[in-house]
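Let me see the structure of the following:
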Amino acid sequence: MSIFRIYPSKSNTIAGSYFSNLNSGQNAVTDLWYGGGGTDTSPEKRNSVSRFLVYFDLNNLQQKFSTKEINDSLVTSYRLKLTNSKPSDFVLEDDYEYDILFKKVATSFDLIAFPINKYWEEGRGYDLTKEIYTVKQKGNYLINGVSNWVSATTQSIWDEPGIYTNPTASTVFYATQHFDIGNEDINMDVTDIVRNWLSGGSENYGIAIAYRRDYELLSTNTRYICSFFTEKTNSAFKPYLEVSYNQVIQDDRKQITNNRISNLFLYTFSGHNFTNINLSAVTVDIKNGSNVVFSGLTPIQLSTGTYYINVWMSGATAGEKYTDIWNNVSFNFPYDNQNIEQTFQIQKNYYTASKPSINEYVLEVYGIEQGKIIHQDEKIRVYCDLRVNYSISKPTTSYSLQYRIIMNNQVEIIPWTEVNQAVISDCKTNYFDLDASWLLHNQTYQINFKINEMGTSRVMPERIDLKVIKPF
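Residues are numbered from 1 along each chain as shown. Down below sits the predicted model:
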């Protein structure tokens, strides 16, 4: 499963009732709360609710879609993720500096995420002034501004205060997450919301997070609060939109048999870069000598300059050689039309009752040096080739090589993900692309590797440590 993260361009926390004109767009933490005084409007007890607004710019993602660097048809989910900033056993102290107000970390509640329906501005507000509802901190309080509970910008107001009075009744798409203890991170599936934006069903103005409406309507003398880091935090806990997609090359050219469906790939280049072709007229024929076995097969694009067909060579026998002919390949149609021919040989049965022995392997990683410092504008192809220990032989069994990336030795940002297995110029190559554009500045990362073979799963001793910084 490949991962791409999008970090927020702006965010803000707005609140109703006494706080309706307040702005906290520059806070490092967003505090979502409900309660705090029933219907009593006296200064000592003020019932209110708050909501968090966050915007993710999708232009870079759409550019990757247009080049097929990320194939939008292979995206499996979009998830909204925020890190909790309060431990579950933390009880907020009563604040007597201004008011008598009981405050506690919320437990057993539901949050919702819903699309915002108009353009809004972040504002320069810092903290929510006198209530000091979580912690006391130093800073210049810019307590009034937009956006806020009433206004989206200086010259526009929300259709209803707080964006919507009851979001789930006013929006078609929304996500819900239950919090049992209260220290859980936000991890919401917002796939329907994002796909609606990308398809043009509605404009992307961002996402708002709120307590489900029945919690907002509760009247209690205690203000219940849950807190999450915003992108203003000077830490690795910034919120993000996570794009997950299945886009791994599994080229079977070296292991095509007659008893399973196999993938045959074509890779197209301009110089040393993968380059897209005009796919509309391309068909694929497969021949054995002069005999046509398949004709007019329709190729599928997997990623930039990478195409494949599914084929089942059911009538072939081990040792036979075949040619796959990719017809009408053009980079600039119709001026450079050409046919590209490749070859493959049928191997012994893929499925067998004879269990091969399991070997120990040496992993050779190149393309990135150990301890390298890379810039966020770099994209590096990391090669990871296997050979049998104490030899130069490649693995003879079918295997799965995976990698994962861990930030600061504790946060897994890319889970175990398949490495591409490509056959280019008749040479099998394992690699993955490391896109540093979404990795965080001044953080350390570790790349681990794992091999799955013959029912075993082993983490390789080889690893790569690196650090990411902003480009100069």
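
C-alpha only now, for contacts and for neighbours.
Noted.

Given the helix or strand of the chain with the lowest mean pLDDT, what are its sheet partners and their directions?
Lowest on mean pLDDT, DSSP states H and E among the helices and strands of the chain sits strand 102-105, with a mean of 80. The strands that strand 102-105 pairs with in its sheet are strand 222-229 (parallel) (by DSSP bridges).

Can you name the residues in contact with the strand it pairs with?
Contact with strand 222-229 is made by 28-37, 47, 82-86, 101-106, 182-183, 185, 237-239, as judged by Cα atoms under 8 Å, 6 or more residues apart in numbering.

Just those residues: which are in strands?
29-35, 82, 102-105 (DSSP state E).

so when I look at Q63, I'm seeing a helix, right?
Yes. Applying DSSP: H, G, I helix; E, B strand; the rest coil, one finds Q63 inside a helix.

Any idea how many residues pack against it?
Q63 has 12 neighbours, counted by other Cα atoms under 10 Å.

Would you map the helices across the stretch 201-350 of the chain?
Assigned by DSSP state H, counting those that start in this stretch, the stretch 201-350 of the chain shows helices spanning 213-216.

Let me fix that, I meant to ask about the stretch 1-150 of the chain.
Assigned by DSSP H, counting those that start in this stretch, the helices in the stretch 1-150 of the chain fall at 59-67.

one step back: and the buried ones among the ones in strands among the contacts of strand 222-229, selectable in ChimeraX?
Here is the ChimeraX command that selects the buried residues among the ones in strands among the contacts of strand 222-229 (16 or more other Cα atoms under 10 Å):
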select :29,30,31,32,33,34,35,82,102,103,104,105
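
Identify the farthest-apart pair in the ones in strands among the contacts of strand 222-229.
Greatest spatial distance in the ones in strands among the contacts of strand 222-229: L82 and F102, 25.7 Å, computed using Cα to Cα.

neighbours around T304, how many?
T304 has 22 neighbours, counted by other Cα under 10 Å.

Might you report the residue contacts of it?
Applying Cα under 8 Å, 6+ apart to T304 gives the contacts 67-69, 274-276.

The residues you listed in strands, which ones?
Residues of those located in strands (DSSP E): F274.

Just among the contacts of T304, which is most surrounded?
N276 (21 neighbours).

List the residues that contact that one.
N276 sits next to 67, 268-269, 304-306, 331 when contact means Cα under 8 Å, 6+ apart.

can I assume V194 sits in a helix?
Yes. Using three-state DSSP, the assignment for V194 is a helix.

Can you pull out the low-pLDDT segments for the stretch 101-250 of the chain?
Applying pLDDT under 70 to the stretch 101-250 of the chain flags the ranges 101, 127-143.

residue ranges for the strands of it, please.
Taking DSSP state E, counting those that start in this stretch as the criterion, the stretch 101-250 of the chain carries its strands at 102-105, 109-115, 151-153, 156-157, 175-179, 186-189, 207-211, 222-229, 240-245.

gap between the third one and the chain center?
Going back to what we said before, that points to strand 151-153. Mean-position distance between strand 151-153 and its chain equals 30 Å (Cα atoms, centre = their mean, to the nearest Å).

ok, now the shortest one?
In terms of Cα atoms, centre = their mean, the gap separating the centre of strand 156-157 from the centre of its chain is 33 Å.

Name the residues that touch it?
So strand 156-157 is contacted by 150-151 (Cα under 8 Å, 6+ apart).

Adjacent strands (with direction) for that strand?
Here strand 156-157 is paired, per DSSP bridges, with strand 151-153 (antiparallel).

Pull the residues that contact the partner strand.
Here strand 151-153 makes contact (Cα under 8 Å, 6+ apart) with 118-121, 146-147, 157-158, 161.

Make TSV from the residues you listed and add neighbour count and distance to L466 to it.
Converted to TSV, the contacts of strand 151-153 look like this (neighbours: other Cα atoms under 10 Å; distance: Cα to Cα, whole Å):
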residue	neighbour count	distance to L466
K118	16	41
Y119	15	39
W120	25	38
E121	18	36
V146	27	40
S147	32	39
I157	19	47
W158	20	45
P161	17	47
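
I'd like those written out as JSON lines, with distance to G367 added.
Below are these laid out as JSON lines (distance: Cα to Cα, whole Å):
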{"residue": "K118", "distance to G367": "45"}
{"residue": "Y119", "distance to G367": "43"}
{"residue": "W120", "distance to G367": "43"}
{"residue": "E121", "distance to G367": "43"}
{"residue": "V146", "distance to G367": "48"}
{"residue": "S147", "distance to G367": "46"}
{"residue": "I157", "distance to G367": "52"}
{"residue": "W158", "distance to G367": "51"}
{"residue": "P161", "distance to G367": "54"}
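
now, among the residues you listed, which is nearest to L58?
Nearest to L58 among the contacts of strand 151-153, counting by Cα to Cα, is Y119 at 15.0 Å.

I figured that closest one hits Y205, correct?
Yes. Look at Y119 against Y205 with Cα atoms under 8 Å: they come within range, at 5.7 Å.

Longest strand in this protein, please.
Max-length strand for the chain by DSSP E is strand 456-469.

chain center to that one, what's the gap?
20 Å.

Can you point out the buried residues in it?
Within strand 456-469, the residues that qualify as buried are 460, 464-469, counting by 16+ other Cα under 10 Å.

Please parse the chain into its domains.
Per automatic domain parsing, the domain ranges recorded for the chain read 2-245, 262-345, 361-469.

need those in CSV with distance to Q255, can you?
Shown next, in CSV, are the domains of the chain (distance: least, Cα to Cα, whole Å):
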stretch, distance to Q255
domain 2-245, 25
domain 262-345, 8
domain 361-469, 9
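
Among those domains, which comes closest to D252?
With respect to D252, and counting by Cα to Cα, the nearest of the domains of the chain is domain 262-345 at 5.3 Å.
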